[in-house]
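K.L.:
can't give you the sequence, but here's the structure:
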């Protein structure tokens, strides 16, 4: 039986449900970044790539940044966690969920998101984290009242602890990305971007590359999001699947973290990845249900990858020019637009007048020490 | 003859003049920072201070952050530079200003602000910068088309180069802070804070500590800004001088950078300062005209200082929790609220119900390398 896939309607319903609990994060524009993205790369930047020796592409790119780094707990994951927990309560009943509690394994933003959602809705939460997690993340998760349990670092070790917790407490698993309700929750990011873009260009037509055209805008030309487990990208792509906006994905290429891109090339999902990319939110392989959406060319128009140095370059521009704190995972989409010559050629070829392009800054959970280590 | 001092009306007029050229930067709130500021410091934090051994104050502080780090060129200085140049053109005539050009000496945000204003209004600009300025600041100033001239680091050496430029070109000096038009320009920061605060609490009364009180709000209870040369603080204090809002100033204490606070104690302006505080925008002594305003107790209710570690602590909270990039100078006001026990006692004593307190984040011009050096 084919799995049930999310639809634009299921994302609208998710948005109605979670709106009281999440921030409507701002959609920012930035002239400096538009100017940089709309300037050809230096020919040197193409050395050692398939484009070495050719004229660098000259696309016109006009960004709209959806700032989920300003979301509650500092990442879009709050959307999926609240949605999944609210739906679970609808299905199973509040009393039973409160008696049994919920459990997940995550060392990152999903852990804090589920801890926040659980404390808000007064549900016990058990979060399995690798022993080697940074103390600030453990403290952040505990600060929302969740019980933290420690495991080894591999997924086998983590899942074993989850099973232990479930045996002991009856806790119900809320997975980080490979889940219908999680995908619908993350997809609400796309819904807000769409509405905020239309509001912005209605109020200030000059914000759009299409301001001189007589036709009314139907929406962004394109949106690009990071892909880790694929919850955000599959949700956003589902929301836009009945609109003219094209959705792309972005991944780090380091140590094979571009599992989704490689899977699309091979026609088969890559099931495991082992990478230490600086974009630590994107070290996981794409989930099964997420793959069903992302591998559908009518929903996701392409997935592109970038190097660690390109991620750092994009992160520097966002912090130094936009004055906004993002984690490395958050800027892989921007890095594709700035540095991936294949993508830049595509934009130049398809849109001589340029694209209004939505970028999701997926999160901002980093520390000054981590920034110091990357750039010091 | 007493100098002519700015008035609330002159600041309103300045705002009308510069509005087309500047950003109306957002006024942000943040629950996490409110909670931290509204929690007593640990008794250990008071060791070695006059408050050692006493119970830490427990004020209730509710922040409204005016984000001039998002202003054009990344600092409030754009306001003063546009205003001074526009007024100069009004007085002297556009043709003459264009023929002669303008000159200033600055290694920091005023240089870039004047370069931007000049290029926008098509006026030649000569900026004298110390030879040891960081390459990124020199490049930033040049990128707006200004001619950069180099000098030694002392004010005598810098002023000598300014005189040379003036002899050669007839360029007119636009000083960085000790100037009527500059003060009026910077004061527009206060005007916007006031209006944005009233809008915000009208729309969402719960944002205010006074939400349960039946009386309508007249404005913020207090505002605190950094003091370097004093342009921002004297302008903001002038704007609020006919309102109920009290204005405070904040300085670093390192190597005597708290010249204004010391001058107020001594009843006499401190004329020179030599400090290498990390708050590099605040290394200058308060200007003459600025002192006239700031030393008037009916305009500025008090000036407080903080240590380098306290500045770093505040900067960490803003970057890691608010996800907003600020330079060290920008957070001295916040650091006073979080860590200066004398100020915290004052708030507790004067306002049992708490204060709605406006903070000006004066700028965000830092680099990842500088952050790495401070925190790595």
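P.N.:
It's in. Given the structure is predicted, the values throughout are model-derived calculations rather than measurements.
K.L.:
where exactly do the helices run in the stretch 101-250 of chain A?
P.N.:
Using DSSP state H, counting those that start in this stretch, the helices of the stretch 101-250 of chain A run over A:109-121, A:135-143, A:155-169, A:180-203, A:231-239.
K.L.:
and of those helices, who's closest to chain B?
P.N.:
Smallest distance to chain B across the helices of the stretch 101-250 of chain A (C-beta to the nearest C-beta): 8.6 Å, for helix A:135-143. Any C-beta I mention is one placed from the backbone N, CA and C, and that applies to glycine too.
K.L.:
okay, the helices of the stretch 101-250 of chain A in CSV with mean pLDDT, distance to residue B:158 and mean neighbour count next?
P.N.:
Formatted as CSV, the helices of the stretch 101-250 of chain A follow (pLDDT from 0 to 100; distance: least, C-beta to C-beta, whole Å; neighbours: other C-beta atoms under 10 Å in any protein chain shown):
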stretch, mean pLDDT, distance to residue B:158, mean neighbour count
helix A:109-121, 95, 48, 25
helix A:135-143, 85, 43, 16
helix A:155-169, 92, 61, 15
helix A:180-203, 97, 43, 23
helix A:231-239, 98, 51, 32
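K.L.:
would you turn these into JSON lines with distance to residue B:209?
P.N.:
Converted to JSON lines, the helices of the stretch 101-250 of chain A look like this (distance: least, C-beta to C-beta, whole Å):
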{"stretch": "helix A:109-121", "distance to residue B:209": "23"}
{"stretch": "helix A:135-143", "distance to residue B:209": "24"}
{"stretch": "helix A:155-169", "distance to residue B:209": "41"}
{"stretch": "helix A:180-203", "distance to residue B:209": "30"}
{"stretch": "helix A:231-239", "distance to residue B:209": "37"}
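K.L.:
so residue A:179 touches residue A:288, yeah?
P.N.:
No: the criterion here is C-beta atoms under 8 Å, and residue A:179 misses it with residue A:288 at 10.0 Å.
K.L.:
for those two, indicate the residue with more neighbours.
P.N.:
residue A:179 (21 against 12; other C-beta atoms under 10 Å in any protein chain shown).
K.L.:
and that one, what are its phi and psi?
P.N.:
phi -160, psi 140 (degrees, to the nearest 10).
K.L.:
let's verify the residue lying closest to it once chain neighbours are set aside: helix, strand, or coil?
P.N.:
Of all residues not flanking residue A:179 in the chain, residue A:84 sits nearest, at 6.4 Å (C-beta to C-beta, 6 or more residues apart in numbering or on different chains). Counting by DSSP: H, G, I helix; E, B strand; the rest coil, the backbone at residue A:84 sits in helix.
K.L.:
start to end distance for stretch A:250-266?
P.N.:
One end of stretch A:250-266 sits 17 Å from the other (C-alpha to C-alpha, to the nearest Å).
K.L.:
quick one: buried residues of that stretch?
P.N.:
Across stretch A:250-266, burial judged by 16 or more other C-beta atoms under 10 Å in any protein chain shown covers A:250-254, A:256-264.
K.L.:
give me the residues contacting that stretch.
P.N.:
Contact with stretch A:250-266 is made by A:224-227, A:230, A:249, A:269-270, A:273-279, A:282-283, A:285-286, A:291, A:294-295, A:303-308, A:311, A:332-333, A:335-336, as judged by C-beta atoms under 8 Å, 6 or more residues apart in numbering or on different chains.
K.L.:
average pLDDT across it?
P.N.:
The average of the pLDDT scores along stretch A:250-266 is 97.
K.L.:
what's the spacing between that stretch and its chain's center?
P.N.:
15 Å (C-alpha atoms, centre = their mean, to the nearest Å).
K.L.:
likewise stretch A:293-303?
P.N.:
With C-alpha atoms, centre = their mean, you get 15 Å for stretch A:293-303.
K.L.:
tell me which residues of that stretch come out buried.
P.N.:
A:293-295, A:299-303.
K.L.:
out of those residues, which are close to chain B?
P.N.:
By C-beta under 8 Å from any C-beta of the partner chain, no member of those lies near chain B.
K.L.:
residues touching the closest residue to residue A:122 other than its chain neighbours, list them.
P.N.:
Excluding the flanking residues, the one nearest residue A:122 by C-beta to C-beta, 6+ apart is residue A:98, at 6.7 Å. Neighbouring residues of residue A:98 by C-beta under 8 Å, 6+ apart: A:122-124.
K.L.:
the residue nearest to residue A:179 and chain B, how far apart?
P.N.:
24 Å (C-beta to the nearest C-beta, to the nearest Å).
K.L.:
packing partners of the helix-or-strand element of chain A with minimal mean pLDDT?
P.N.:
Lowest on mean pLDDT, DSSP states H and E among the helices and strands of chain A sits helix A:135-143, with a mean of 85. With contacts taken as 3 or more C-beta pairs under 8 Å, 6 or more residues apart in numbering or on different chains; DSSP states H and E, helix A:135-143 sits against helix A:109-121, strand A:125-130, strand A:147-151.
K.L.:
now these as a markdown table including distance to residue A:23?
P.N.:
Formatted as a markdown table, the helices and strands packed on helix A:135-143 follow (distance: least, C-beta to C-beta, whole Å):
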| stretch | distance to residue A:23 |
| --- | --- |
| helix A:109-121 | 12 |
| strand A:125-130 | 21 |
| strand A:147-151 | 25 |
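K.L.:
in JSON lines: these, plus distance to chain B.
P.N.:
Output for the helices and strands packed on helix A:135-143, formatted as JSON lines (distance: least, C-beta to the nearest C-beta, whole Å):
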{"stretch": "helix A:109-121", "distance to chain B": "12"}
{"stretch": "strand A:125-130", "distance to chain B": "19"}
{"stretch": "strand A:147-151", "distance to chain B": "20"}
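K.L.:
inside strands: which ones of the buried residues of stretch A:250-266?
P.N.:
A:250-252 (DSSP state E).
K.L.:
ok, so of those residues, who is nearest residue B:240?
P.N.:
Of all those, residue A:250 has the smallest distance to residue B:240: 46.8 Å, by C-beta to C-beta.
K.L.:
any idea how far that closest one is from residue A:228?
P.N.:
10 Å (C-beta to C-beta, to the nearest Å).
K.L.:
again with residue A:333
P.N.:
12 Å.
K.L.:
for residue A:297, same thing?
P.N.:
21 Å.
K.L.:
got the domain boundaries for chain A?
P.N.:
A:8-74+A:179-375, A:77-173 (automatic domain parsing).
K.L.:
out of those domains, nearest to residue B:111?
P.N.:
Judging those by C-beta to C-beta, what sits closest to residue B:111 is domain A:8-74+A:179-375, at 17.0 Å.
K.L.:
the closest one: end-to-end distance?
P.N.:
End-to-end for domain A:8-74+A:179-375, by C-alpha to C-alpha: 41 Å.
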